[in-house]
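*Asks:* fold the following and give me the result.
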Amino acid sequence: MSMLLTVFLTIVFCAAITLMMFSAVAFIQNEKFFSSAPKEAQAVLRHRDKELFYGARIIGWTLMIFSLLMILGVGVISIWDGFRSGFTFGQFFFRFVFIFTVYKLYDMICFDYFLLIKFHFFQFYYPEVENVYKNRKYGYNIKSQLLKLFIIFPAASAIVAWICTLF
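*Replies:* A predicted model of the protein is given here:
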């Protein structure tokens with residue numbers, strides 16, 4: 001049952017991140033949300049004073065808050081269920097590293113490759129960045145993505161698992 005819950009929480013986490021990205025790019029359209037984009041893309045982004053349509057930013061912020069609550073819920077349920085089930089360090093660690101690993105792979109494959117490179121989702125809303133991504137085979141920041149996948153997320157998972165086992 002715990003593994004099934006972990007898979008479900010992973011799906012919810014990925015859905016929340018997708019909702020967050022969609023609300024930032026399509027509705028809120030504030031360049032401050034794109035700090036992880038390559039410097040050359042940030043340099044050409046234009047500030048958008050005008051909403052995509054009336055109420056777009058309200059919809060975007062509502063979706064953003066909802067996605068943040070979903071992420072918080074994944075964390076709370078992951079920890080609460082672990083306490084309730086008497087998880088060991090290894091079980092907590094596996095749950096957290098599983099969620100983060102699937103999320104990062106989803107991010108790298110779906111966002112960076114498909115949405116950015118294949119389907120030009122970001123370029124649809126920000127056509128001024130088209131030339132930045134024109135001849136790329138993969139999104140960007142591959143070193144940063146792999147660092148998170150293999151070092152940062154496992155280390156964070158170990159720290160959180162250790163803290164959870166203290167209680």
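*Asks:* so which bits of the least confident helix or strand in the chain by mean pLDDT are buried?
*Replies:* Here the helix or strand of the chain ranked lowest by mean pLDDT, DSSP states H and E is helix 39-44, holding a mean of 75. Buried residues in helix 39-44, counted by 16 or more other Cβ atoms under 10 Å: Ala41. Bear in mind the C-beta positions are built from the backbone N, C-alpha and C, glycine included.
*Asks:* can you give the distance of that helix from its chain's centre?
*Replies:* With Cα atoms, centre = their mean, to the nearest Å as the basis, helix 39-44 stands 21 Å off its chain's centre.
*Asks:* what's that helix in contact with?
*Replies:* Glu31, Phe34, Ser35, Glu128, Val129, Asn131, Val132, Tyr133, Tyr140 (Cβ atoms under 8 Å, 6 or more residues apart in numbering).
*Asks:* isn't the fifth one right next to Gln123, touching?
*Replies:* Looking back up the chat, that one is Val129. Yes: using Cβ atoms under 8 Å, Val129 makes contact with Gln123 at a distance of 5.9 Å.
*Asks:* in terms of neighbours, single out the busier of those two.
*Replies:* Legend: neighbour count by other Cβ atoms under 10 Å for Val129 and Gln123, higher for Val129 (23 against 19).
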